[in-house]
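*Asks:* My questions concern the predicted model and sequence given below.
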Amino acid sequence: MDGVDPEGAGPGGEMMVGQDLAGAPRSVRIAAPAKINLTLAVLGNRPDGFHEIESVVVPVGLYDELVLTEARGPDIHLACDDPAVPDGEENLVYRAAERLAEGAGDNHGVQIRLTKRIPVGAGLGGGSSDAAATLVGLNRLWQTGLSGSALAEIGAGLGSDVPLFVRGGAAIIRGRGEQVESIRLGWSGWIVLVVPRFGMSTARVYRHWEPTERPPRSAGDVVEAARAGQDLSELLYNMLESPAFAVEPRIAALHAKLIELGATRARMSGSGSGLFALFGESSQAEAFAARVARQLETNVYVVRTTECEHQSWEHL
């Protein structure tokens, strides 16, 4: 989907909220998708300390899950199945709930259960997606009535990628990532995500970026070329790959190995550490993923873009 309906739609598609039954608290279950950057251009430094970027981004079918349950009283409680993920104010999910509660009134509280499937520190946007899902879900659960634009504005104060996930769907992002132009890419192939068992520091990668490279083509040109039928694999680029490979040579070695194992092209998502390759047929993707799983100690996922799926917010 290309936008967000504040009364229902969001990162996981159509949302339904459970009705009170014999005084039971209402709950929402939300699927929060990962993303990959098909292109990523770094255009320069910004006065606010961030970098000016332009990127074609698509959400993919690897999901975290959040269950938001109304709580009596104003407290926010967050529990996550991954002990490495913080459960307090260091977590974007907690801060998203806190920020929405500030405008909703002191009597709003929530119990949040977060199940992590998107690897942390992999350039796949899991934390931002979780925060966006929290904003959209609580907007419905607490009946705060905020528009999609208002939620995106709140999200921009939490993290650069949060507005992208609030809107949902494929997009071109600009600025520091908070400017979101929804698109229909129309590509229907398969994606193999390869994520090493270590993460990357986004700040460290950006510190190693030097303004010596120009993007090979604009994001808009990439979208138009893909719509015209050009092989999408030929259009991919990421200007953070070189600095990331310099920061962490193991990523460079993994990238080379994926080419050796049969990926026509492999690209890094965001600032890493996750890599991906595109395939036209599911059999090709599955065969490549099997080779990677046999030979490398990495996490491997075969996914599609969410344009090719129908996901729902579930009724509890």
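*Replies:* Thanks, I have it. Numbering: from 1, shown residues only.
*Asks:* rest of the way, CA atoms for contacts and neighbours
*Replies:* Fine.
*Asks:* Doesn't V67 belong to a helix?
*Replies:* No. Per DSSP: H, G, I helix; E, B strand; the rest coil, V67 lies outside any helix segment and is strand.
*Asks:* what about it, how many residues close to it?
*Replies:* 19 (other Cα atoms under 10 Å).
*Asks:* Look up the residues forming beta bridges with it.
*Replies:* R29, R113 (DSSP bridges).
*Asks:* list the contacts for it?
*Replies:* 27-30, 111-114 (Cα atoms under 8 Å, 6 or more residues apart in numbering).
*Asks:* Let me have the residues you listed in JSON lines, extended by distance to G155.
*Replies:* Below are the contacts of V67 laid out as JSON lines (distance: Cα to Cα, whole Å):
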{"residue": "S27", "distance to G155": "22"}
{"residue": "V28", "distance to G155": "19"}
{"residue": "R29", "distance to G155": "20"}
{"residue": "I30", "distance to G155": "17"}
{"residue": "Q111", "distance to G155": "20"}
{"residue": "I112", "distance to G155": "18"}
{"residue": "R113", "distance to G155": "20"}
{"residue": "L114", "distance to G155": "18"}
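*Asks:* Now for those, which sits with the most neighbours around it?
*Replies:* I30 (30 neighbours).
*Asks:* could you measure that residue against H208, distance?
*Replies:* The gap separating I30 from H208 is 36 Å, by Cα to Cα, to the nearest Å.
*Asks:* Over to A152?
*Replies:* 30 Å.
*Asks:* Comparing the two, which shows the higher neighbour count?
*Replies:* A152 (26 against 15).
*Asks:* Same question for that one, what's its three-state structure.
*Replies:* A152 - assigned by three-state DSSP - is helix.
*Asks:* list the contacts for it?
*Replies:* 162-164, 166-167.
*Asks:* In helices, which of those residues appear?
*Replies:* Among these, the members found in helices (DSSP state H) are 162-164, 166-167.
*Asks:* Of those - the most surrounded one?
*Replies:* Of those, with other Cα under 10 Å as the count, V166 tops at 35 neighbours.
*Asks:* isn't it right next to G137, touching?
*Replies:* No. Counting by Cα atoms under 8 Å, V166 does not reach G137; the two are 10.2 Å apart.
*Asks:* in the stretch 101-250 of the chain, what spans have low per-residue confidence?
*Replies:* Scanning the stretch 101-250 of the chain with the threshold set as pLDDT under 70 gives 105-106.
*Asks:* residue ranges of the strands in it, please?
*Replies:* 109-115, 171-175, 179-182, 190-196, 237-238 (DSSP state E, counting those that start in this stretch).
*Asks:* What is the longest helix seen in the chain packed up against?
*Replies:* Longest helix in the chain by number of residues, with DSSP H as the criterion: helix 126-141. With contacts defined as 3 or more Cα pairs under 8 Å, 6 or more residues apart in numbering; DSSP states H and E, helix 126-141 has these neighbours: strand 27-45, strand 51-71, helix 92-104, helix 148-156, helix 162-167.
*Asks:* JSON lines for the ones you listed, including distance to I183?
*Replies:* Shown next, in JSON lines, are those (distance: least, Cα to Cα, whole Å):
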{"stretch": "strand 27-45", "distance to I183": "13"}
{"stretch": "strand 51-71", "distance to I183": "9"}
{"stretch": "helix 92-104", "distance to I183": "26"}
{"stretch": "helix 148-156", "distance to I183": "17"}
{"stretch": "helix 162-167", "distance to I183": "11"}
